[in-house]
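Student: quick one, what's the 3D model for this:
(3 chains)
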Amino acid sequence: MSRDGWRKKASEDDGWGGRGGYMAAKISKLEEQFQKDAPREKQKDGTSSCIFSGVAIYVNGYTDPSADELRRLMMLHGGQFHLYYTRSKTTHIIATNLPNSKIQELKGEKVVRPEWITDSIKAGCQLSYVQYQLYAKQKSLNFTSICARGKQDLSSTNDPFKPNPSHPQSDSIKNGSCSIIEEDAERPRVNGIHDGDDDDACALLPRGSQDTSLTNGYVHPVNGALKPQDSFAEHSPHVVDIGSHQSHLPQTESRDREEPSCSSAGSKSNFHQRSLISTASPAKQPGLHSMQKDLHPKPTSNPGTSAAPQKGNLHDQTRVRLNGSYHMTPNSSNLADSSHQPGRSGKGAEAGVISEFFSHSRLHHISTWRNEFSEYVNALQSRRRAAGGAVFSGKEKLKKLKANCSSGILSLWFMFVRQSCILHVDMDCFFVSVGIRHRPDLIGKPVAVTSNRGPGRVAQRPGSNPQLEFQYYQRKQKQYRKVDLDLAALSMAEIASCSYEARQAGVRNGMFFGRAKQLCPDLQSVPYDFQAYKEVALSMYETLASYTHNIEALSCDEALVDATNLLVELGVTPDDLARAIREDIKEKTGCSASVGMGSNILLARMATRKAKPNGQYFLRSEEVDDFIRDQPVSSLPGVGRSMSSKLTSLRVSTCGDLQQLSISRLQREFGPRTGQMLFRFCRGLYDRPVRSEKERKSVSAEMNYNIRFTQVEEAETFLTNLSMEVQKRLEGAGLRGRRITLKVMVRKPGAPVEPAKYGGHGICDNFARSVSLAQPTDSGQLIAAEAIKLFHAMKLDVKDMRGVGLQVQQLEGSHADPSGQGPSRGRSIKDLLLAKQPAHSPKKDPLAPQGWSSVIRTGFFKSKNVQCPSSSSTDVPETLSKFNPRPVPTLAGAYEFSDIRTLLREWVTTISEPMEEDILQVVKFCTELVEDKDLEKLYLVIKYMKRLMQQSSESVWSMAFDFILDNVQVVVQQTYGSTLKIT
DNA sequence: ATCCTCCCCTAC
DNA sequence: TAAGGTAGGGGAGGAT
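Tutor: Below is the predicted model:
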């Protein structure tokens, strides 16, 4: 039986629905609350009805209107609102975004967009939910007029739930012989422009069968860049675009999106809490709300980390300066860490070093924002689907403006020919622009954003050998320049962004500040202001969203806009639109943006290079061949340092040079896909549509700065803390992963022990190891345990470690249970757990099912001769022996938390169903901890069990946890007069 | 062939 | 001092 939130709760025989369990009590309490609130709401509002009589909704994830608002609407209009999903009682699930895994599971359910509710209220009657179904829409896409071959292609590429990862164009079906099909009404009409790049389609047509077909969006008979034998039959004026990227259900979830974190009753506290937070939030525009909320961060920047209370003992660390770097030592006070974050208690600072680093890391912020703005755009897309649509103030303004002018030839061209038009909007030297918004004195001056505030010179640190390092890097980059001995004394703070004036002097982004200062002595340094960047970025996105929601977020300062429909609707030229957008952005942010325009994403991006700074450039299709011929290959996306140098060795420096190489040659040199990419890119061909919904495939956290360990324990502590960070991110994304990868950077043999750059990793080798888990997890503890195992397997000298990263892959929604078919369980344990009788003394298992193995039947903790794995476990802790005269409570002989943890983990992971005897052993152990007044350990144990047992695919483990907790709480209550708060 | 695993590369 | 993160794509090479 699946432990998944949806399916598990769906079955009535799981025992939680009606047996008077905790869950049932909670649900009925919430229902009571709802009934109580309803009349009050009706009174407040005035407009009420009974149109939702008989309807009970459960809101999954973030929605617009928010869950809170939907709850209110249900109150007003006679419906029910369920905070928990119950298949028998919940009639409709309301959602706008669902992870793919969830969609697969819910195929039989009524999953409906929130507009069903708002529209019904507008209409004054309950509308049919059918047309509001979230994923029925996917199935009902009209493919009827697709030709036979198109259908063939669909089978392989069109499953909107399952994008083919190796197939960037898999979400659009185009080929040369199909006729136009009726498009999804909500799709922008993209016509004749996205030349097909579908491999399957290509393979089905003989090479060169269409001499005139390979174009970059402009249909012309001769393309000088193209030899007929290299042609793919990929272009057609008739494009079949199923629009799956529009109707895709977004997978990425917003940070404040709420879903049941777990199905079982055991998850109650966690889920309940999160749900309440969710319903209390006034989100009116989901993505926007989350972005704005983040702009005013709460003092506690660690909301999702339920492991927080473990801080202060388990993951204590302090920072010790050694060789100019921070060192982490376990088990010491970390009060110092909390000092820089007012309002944060000491226990919230366990990841002090890590979070401090991330808070200062521009790269970390850039990555985070990219995700967040993608979510923002996702939310816009969801809104866009809403009946009635949004108000596009920017668009309306432009429309009015346009009404006063006569339309030019070009706008007519766009109206009638419907040439696809993509805008690439890119803020000019973003960090600098934001940084000097209120510094008019710096406008027009060479400015760089960097962490270095000084003159750009620093003292060389003992032990470093900058010359050696620079030589190494130069050799690697095949630049045999003389090493500047003076470099040693220069600041190695990186320039995140520099003004065009600075660029004129040779300063570049990423350059060390000291070097830049040499090149440009007048260079002014401006500090980072991450908050401001985010504000401006949001403003930019809001501006774009006032024109269209067909936006793809590329980063905090860069976005793609598919303007095809907009231009047709407005009857304006791309330049008109770009000008309006740029003016708006400038007005709202005080910063300038450049806009590149072209018939596809590639061309739009290349046009931006020409547009910058503070300009716009529309690369017309007929100019493409001439334009692209002279472009350096390095300007193509995907061509970086490595590929550039490989191309140089092939005597290729411009796109024109690259056009001379045959596709087979390129594929031989670079591999099939990269070869094809190069072949197409250098001709300006690229047909990926603008898309906003991308499926996340990994979640990771790494730190390759200031990593200096002297002892193994430090590395282990760090891995644990990093795991907690990963847990936080997984929880934030509502994901769990099955595969864990540990990545380490290790000082290269012979490299200076102390790198030239302060805290830097220096010259390193990279190592990575991964492990697959039986079940997906988001547990930091579990990830830490695996990471530590991997770490030991690597047999590193910890002193040489310079970087550590943890990545989690093979993701799925944290509420989906992939297995759904664990080993069969007996009934007795369930009965025992459901009976929920506090059990203070162990008793014999009365009903041991026959199927249990003898090992299990004997009891895990009794048969088990526990070998405490930790070396320290043999030493009796002094504090305990001193202050506790009676025997220390043990679980199967273990008393150190680390050993208990190991024991519990083994128990839960190796056994599909716990024995009553063992459960009672644990209860007994916990009871003894209460008696021993060791609430700290008790808390850790409970907390750990909660994670462990609730993430098990066997729901019986969740029940076991509830049973244990309930029993322990009774004892705690008796002893202390209140219960333990487990978050 | 196709998958998996371990990398490297690229982009922001 | 300084904050060298993060996610995705894909190639190489081995296992199946």
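
Student: C-alpha only now, for contacts and for neighbours.
Tutor: Will do.

Student: what does the helix or strand where A:Lys517 lies contact?
Tutor: Secondary structure assigned from DSSP states H and E places A:Lys517 in helix A:513-519. For helix A:513-519, contacts defined as CA atoms under 8 Å, 6 or more residues apart in numbering pick out A:450, A:452, A:456-457, A:487, A:490-495, A:505-508, A:523.

Student: domains of chain A?
Tutor: A:5-138+A:253-280, A:296-360+A:696-813, A:414-429+A:531-681, A:446-521, A:828-976 (automatic domain parsing).

Student: end-to-end on the fourth one?
Tutor: In domain A:446-521, first residue to last residue: 9 Å (CA to CA, to the nearest Å).

Student: quick check: residues of the stretch 601-750 of chain A near DNA strand B?
Tutor: Within reach of DNA strand B by CA under 7 Å from any atom of the strand, the stretch 601-750 of chain A has these residues: A:Ser634, A:Ser635, A:Leu636, A:Pro637, A:Gly638, A:Val639, A:Gly640, A:Arg641, A:Ser642, A:Met643, A:Ser644, A:Thr741.

Student: so of these, which ones are in helices?
Tutor: The members of these that map onto helices under DSSP state H are A:Arg641, A:Ser642, A:Met643, A:Ser644.

Student: would CSV of those residues with neighbour count and pLDDT be doable?
Tutor: Putting these into CSV (neighbours: other CA atoms under 10 Å; pLDDT from 0 to 100) gives the following:
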residue, neighbour count, pLDDT
A:Arg641, 11, 93
A:Ser642, 11, 95
A:Met643, 14, 96
A:Ser644, 19, 96
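
Student: switch the residues you listed over to a markdown table; also include distance to A:Lys402.
Tutor: Shown next, in a markdown table, are these (distance: CA to CA, whole Å):
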| residue | distance to A:Lys402 |
| --- | --- |
| A:Arg641 | 45 |
| A:Ser642 | 47 |
| A:Met643 | 46 |
| A:Ser644 | 45 |
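
Student: report the buried residues of the helix holding A:Lys517.
Tutor: In terms of neighbour count (16 or more other CA atoms under 10 Å), helix A:513-519 has its buried residues at A:Phe513, A:Gly514, A:Arg515, A:Ala516, A:Lys517, A:Gln518.

Student: do the same with stretch A:760-775
Tutor: A:Gly760, A:His761, A:Gly762, A:Ile763, A:Cys764, A:Ser770, A:Gln775.

Student: which of those residues are close to DNA strand C?
Tutor: Under the cut-off given by CA under 7 Å from any atom of the strand, DNA strand C has A:Gly760, A:His761, A:Gly762, A:Ile763 from the buried residues of stretch A:760-775 close to it.

Student: that's a helix at the third one, yeah?
Tutor: No. Counting by DSSP: H, G, I helix; E, B strand; the rest coil, A:Gly762 falls outside a helix, being coil.

Student: quick check on it: phi, psi?
Tutor: Main-chain torsions, A:Gly762, degrees, to the nearest 10: phi 70, psi -160.

Student: can you report how many residues lie near the closest residue to it other than its chain neighbours?
Tutor: Closest residue to A:Gly762 apart from its sequence neighbours, by CA to CA, 6 or more residues apart in numbering: A:Pro755 at 4.7 Å. Close neighbours of A:Pro755, defined as other CA atoms under 10 Å, add up to 22.

Student: got the contact list for A:Ile581?
Tutor: By CA under 8 Å, 6+ apart, A:Ile581 lies in contact with A:Gly394, A:Thr543, A:Leu544.

Student: which strand residues bridge the residue of the stretch 401-550 of chain A found nearest DNA strand B?
Tutor: At 8.2 Å from DNA strand B, A:Asp426 is the closest residue in the stretch 401-550 of chain A, using CA to the nearest atom of the strand. Beta-bridge pairing of A:Asp426 under DSSP bridges involves A:Glu558, A:Ser594.

Student: ok, now which ones touch the nearest residue to A:Leu742 once chain neighbours are set aside?
Tutor: Counting by CA to CA, 6+ apart, A:Leu742 lies nearest to A:Leu806, which is 4.8 Å off, once chain neighbours are set aside. Counting by CA under 8 Å, 6+ apart, A:Leu806 touches A:Ser700, A:Ala701, A:Glu702, A:Leu722, A:Ser723, A:Val726, A:Ile740, A:Thr741, A:Leu742, A:Lys743, A:Ala787.

Student: try A:Arg901
Tutor: Going by CA under 8 Å, 6+ apart, A:Arg901 touches A:Val941, A:Tyr944.

Student: the closest residue in space to A:Met794 that isn't next to it in sequence bridge partners, please.
Tutor: The shortest distance from A:Met794 to any residue other than its chain neighbours is 8.0 Å, reached at A:Arg769 (CA to CA, 6+ apart). Assessed by DSSP bridges, A:Arg769 has beta-bridge partners A:Leu742.

Student: A:Arg769 against A:Leu790, yeah?
Tutor: Yes. Contact criterion CA atoms under 8 Å: A:Arg769 and A:Leu790 qualify, at 6.4 Å.

Student: list residues touching both of the two?
Tutor: Shared contacts of A:Arg769 and A:Leu790 (CA under 8 Å, 6+ apart): A:Leu742.

Student: among the buried residues of helix A:513-519, which one lies nearest to A:Ala607?
Tutor: Proximity of the buried residues of helix A:513-519 to A:Ala607 (CA to CA) peaks at A:Ala516, which lies at 28.1 Å.

Student: A:Pro527 against A:Val449, yeah?
Tutor: Yes. A:Pro527 lies in contact with A:Val449 (CA under 8 Å); the separation is 5.7 Å.

Student: what do those two both touch?
Tutor: Shared contacts of A:Pro527 and A:Val449, counting by CA under 8 Å, 6+ apart, come down to A:Gly435.

Student: so which of those two has more stuff around it?
Tutor: Neighbours around A:Pro527 and A:Val449, counted as other CA under 10 Å, are more numerous at A:Val449. The numbers are 29 against 15.

Student: quick check: neighbours of the host helix or strand of the more buried one in the sheet, parallel or antiparallel?
Tutor: Using DSSP H and E, A:Val449 sits within strand A:447-450. If you go by DSSP bridges, strand A:447-450 pairs up with strand A:495-498 (antiparallel), strand A:524-526 (parallel).

Student: then it to CSV, C-alphas only?
Tutor: C-alpha atoms of strand A:447-450 as CSV (Å, rounded to 0.1, in the frame of the first residue of the first chain):
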residue,chain,number,x,y,z
VAL,A,447,32.3,51.1,-11.7
ALA,A,448,32.5,47.6,-10.5
VAL,A,449,30.4,45.6,-8.1
THR,A,450,32.6,43.6,-5.9
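
Student: let me see the contact set for A:Glu928.
Tutor: Counting by CA under 8 Å, 6+ apart, A:Glu928 touches A:Pro889.

Student: list the buried residues for the host helix or strand of it?
Tutor: If you go by DSSP H and E, A:Glu928 is part of helix A:916-931. Buried residues in helix A:916-931, counting neighbours by 16+ other CA under 10 Å, are found at A:916-930.
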